[in-house]
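Participant: What would the 3D arrangement of this be:
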Amino acid sequence: MSDALDFNARTIAEFRANEGRVGGMFEGAPLVLLHHVGRKSGREFISPVMYLAHDSDPGVIYVFASAGGAPANPEWYFNLVAAGEGTVEVGTEEYRVAVRDVTGGERDRIYAEQAGRYPGFAEYAEQTAGVRTIPVLELSRV
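Facilitator: Below you'll find the model as predicted:
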């Protein structure tokens, strides 16, 4: 098993064993498990990522395709956009979501909010400057 897959598997197990809370680099941060289907393979995957709750709508969260500042978007981003839907686990709850790619000023405002709360996201934006703009997805409960 690759290091990334091993890390994800451990994070997912810890998330589920502790009602959505984990330690390590995600300790205290809002974490969601994204269920997505591979657009080529048709296999289901689960990716743990941080999220930002919508400021007034409890049925909406935002996720950030930062890939830790890597030069390419993560596969989960492409899979969710292609499908237009997915499933999330937040805390002890699992539910279906519609996916919307957030762009322009709205994307910039939401990303800036996340970077203000978690400076690692500002670092990711610096690392990808001139290479790619880190996508923001809105996930709305359906």
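Participant: pLDDT weak spots in the chain?
Facilitator: 1 (pLDDT under 70).
Participant: any chance you could map the strands in it?
Facilitator: All strands of the chain, identified by DSSP state E, fall at 31-37, 44-53, 60-64, 85-90, 93-102, 136-141.
Participant: would you list the ones you listed in a markdown table and tack on mean neighbour count and distance to Y111?
Facilitator: Backbone N, C-alpha and C define where each C-beta goes, glycine included. Shown next, in a markdown table, are those (neighbours: other CB atoms under 10 Å; distance: least, CB to CB, whole Å):
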| stretch | mean neighbour count | distance to Y111 |
| --- | --- | --- |
| strand 31-37 | 21 | 17 |
| strand 44-53 | 17 | 9 |
| strand 60-64 | 22 | 7 |
| strand 85-90 | 18 | 19 |
| strand 93-102 | 15 | 9 |
| strand 136-141 | 20 | 6 |
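Participant: what would those strands look like in TSV with distance to A72?
Facilitator: Shown next, in TSV, are the strands of the chain (distance: least, CB to CB, whole Å):
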stretch	distance to A72
strand 31-37	16
strand 44-53	15
strand 60-64	14
strand 85-90	20
strand 93-102	16
strand 136-141	16
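Participant: All set, thanks.
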